[in-house]
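3D, please:
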Amino acid sequence: MPEHTIGTREEWQAARDELLAEEKELTRRGDELARKRRELPWVPVEKDYRFETTDGTKSLADLFAGRSQLLIYHFMFGPDYEAGCPVCSSIADTLDPNAVHLKARDVTLICSSRASVEKLQRYKERMGWSFNWVSTVGSDFHRELGFLHTREELEPFLAGEIPPVVELNARACGTDAATYVAEGPGLSVYALSDGVVYRTYVSTARGLEPAMAYYGLLDRTPIGRNEEGDETFWLRRHDEYPD
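Here you go, the predicted model:
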């Protein structure tokens, strides 16, 4: 545990009250951003995307499963991966128990990857998840959202020094760094109205942190995320942490 300022209860309360005012300001700002997200223009999805599921081939509209809203997490699990990305797996741990609550608000939550349905189902069983996980037919769906990259696009990154965490995650997926980073994580959101599917929102990178509940909790602990030095590599699949 690092050294830290020690104070009286009165000093703590004064500092806490000051911080609380800033936290409330941030909450109000978050509410305003949520409103602006809802006001984004909807874009009709004109391409006839297809997905392989355990129940056969389905369209994007079919994936709504009778609801009017659809949340898709683009899970990094390429055709040549042997296992899913550890970071995406940690996100799926958060998404899975929330799916039932989203259903109650007319939202279907699924994951989408490029690996085969059979490979996805084996990994899903290992992880103990229950959400629906579909396999894209072809690369267009992830590619056109910016979640799939070509070797040429990645060349500047691959020509440099590969970050150790990338090498670590690639090995955890049973592949090399180039194959690992060709896939990208993301969230895309859709609405179904009068038989037409609309794309309403897309996010990636730190925009995915709401689905990484552990970070919000760690941000409230004395040490915080503590992701420096060797601690950069702390994240594992939930069945791989030491006892």
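
Show me where this protein has its strands.
43-44, 50-53, 56-59, 69-74, 107-113, 132-136, 186-193, 196-203 (DSSP state E).

hey, where'd the helices end up in the chain?
Using DSSP state H, the helices of the chain run over 9-38, 86-103, 117-127, 140-143, 151-159, 164-172, 177-182, 213-218.

Pull out the buried residues from the last one.
So the one you mean is helix 213-218. Residues of helix 213-218 classed as buried: residue 215 (neighbour count, 16 or more other C-beta atoms under 10 Å). C-beta here means a position set from N, CA and C on the backbone, and glycine is covered the same way.

same deal with the third one?
Residues of helix 117-127 classed as buried: 117, 119-120, 123-124, 127 (neighbour count, 16+ other C-beta under 10 Å).

if we can go back for a sec, turn the strands of the chain into TSV, including mean pLDDT, mean neighbour count and distance to residue 164.
Shown next, in TSV, are those (pLDDT from 0 to 100; neighbours: other C-beta atoms under 10 Å; distance: least, C-beta to C-beta, whole Å):
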stretch	mean pLDDT	mean neighbour count	distance to residue 164
strand 43-44	98	10	39
strand 50-53	97	18	35
strand 56-59	97	12	39
strand 69-74	98	22	24
strand 107-113	98	22	25
strand 132-136	97	22	29
strand 186-193	98	19	24
strand 196-203	98	16	26
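
Starting from residue 148, give me the distance back to residue 45.
Computed with C-beta to C-beta, to the nearest Å, the distance linking residue 45 and residue 148 is 17 Å.

where does this protein dip in pLDDT?
230-231 (pLDDT under 70).

Now with 80, please.
1-2, 229-232, 243 (pLDDT under 80).

Near residue 208, how many residues? Count them for me, please.
18 (other C-beta atoms under 10 Å).

Go ahead and confirm it touches residue 188.
No. Taking C-beta atoms under 8 Å as the definition, residue 208 is not a contact partner of residue 188, at 11.5 Å.

Alright, that wraps it up for me.
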